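A.B. asks: This is a predicted model, with the sequence first.
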Amino acid sequence: MGLEVAVDIKQSAIPGAGKGVFAKEDIKKGQMIWKNDDKGVTRVSQQEFVNLMEGDKLTNEQKTHWGWHVFYDKVNNQMVLCTDGDEYTNHSETPNVVADDNDEHCLAARDIKAGEELCEDYRIFYINDVEAATAAAWRKVCPERFDFEKAVNNGEFANK
């Protein structure tokens with residue numbers, strides 16, 4: 001998995017978002033931004049995710065990082081943690097980054113100027129489809145993120 005464009009990771013202007021991913025260069029509509037090549041990513045099954053969140057293999061800080069930055073890949077039925085900077089991409093209902101039909105690549109939805117924050121629509125991450133044990137473990141380690149994702153996927157959050 002890898003970012004295909006130069007980016008900066010810095011404070012987002014989106015209220016409550018924390019860090020964000022910002023383009024360091026102009027990006028053309030349709031240009032590949034992120035490619036699923038399994039570099040810079042950790043993939044685990046839902047059961048492995050539960051074991052990591054409930055076990056002692058990770059520190060509490062590592063569990064919180066997973067909780068804030070993991071997403072569910074419905075196509076492969078896996079929990080995915082990007083570690084190349086893409087994990088700081090924030091949500092927007094008017095995203096400038098979209099996934100292709102197979103959720104394998106992310107492309108620019110429109111021309112993006114250098115300095116602009118890259119945002120995705122989190123509703124593509126299918127949080128409502130994770131197994132009950134996965135949901136419980138995720139919510140336990142990071143209730144704020146889990147509740148936010150549920151609200152986004154249930155249409156209860158609007159961020160333009």
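C.D. replies: Good, I have the coordinates. Numbering: from 1, shown residues only.

A.B. asks: Report the helix or strand with the lowest average pLDDT across this protein.
C.D. replies: Lowest on mean pLDDT, DSSP states H and E among the helices and strands of the chain sits helix 143-153, with a mean of 76.

A.B. asks: Can you list the buried residues in it?
C.D. replies: Neighbour counts over helix 143-153 (16 or more other C-beta atoms under 10 Å) mark 145-146, 148-149, 152-153 as buried. In short, each C-beta sits where N, CA and C put it, glycine included.

A.B. asks: likewise stretch 36-43?
C.D. replies: Using 16+ other C-beta under 10 Å as the test for burial, stretch 36-43 gives 36, 40-42.

A.B. asks: ok so, going back, check which helices and strands the least confident helix or strand of the chain sits against.
C.D. replies: Applying 3 or more C-beta pairs under 8 Å, 6 or more residues apart in numbering; DSSP states H and E, one finds that helix 143-153 contacts helix 60-69, helix 132-141.

A.B. asks: To Ala108, which of those helices lies closest?
C.D. replies: Closest of the helices and strands packed on helix 143-153 to Ala108 is helix 60-69, at 21.7 Å (criterion: C-beta to C-beta).

A.B. asks: Touching the closest one from outside, list them.
C.D. replies: Applying C-beta atoms under 8 Å, 6 or more residues apart in numbering, the contact partners of helix 60-69 are 18, 49, 52-53, 58, 81-82, 87-88, 138, 141-142, 145-146.

A.B. asks: Buried ones only from those, please, as a PyMOL command.
C.D. replies: Buried residues within the contacts of helix 60-69, by 16+ other C-beta under 10 Å, are selected in PyMOL with:
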select buried, resi 49+52+53+81+82+87+88+138+141+142+145+146
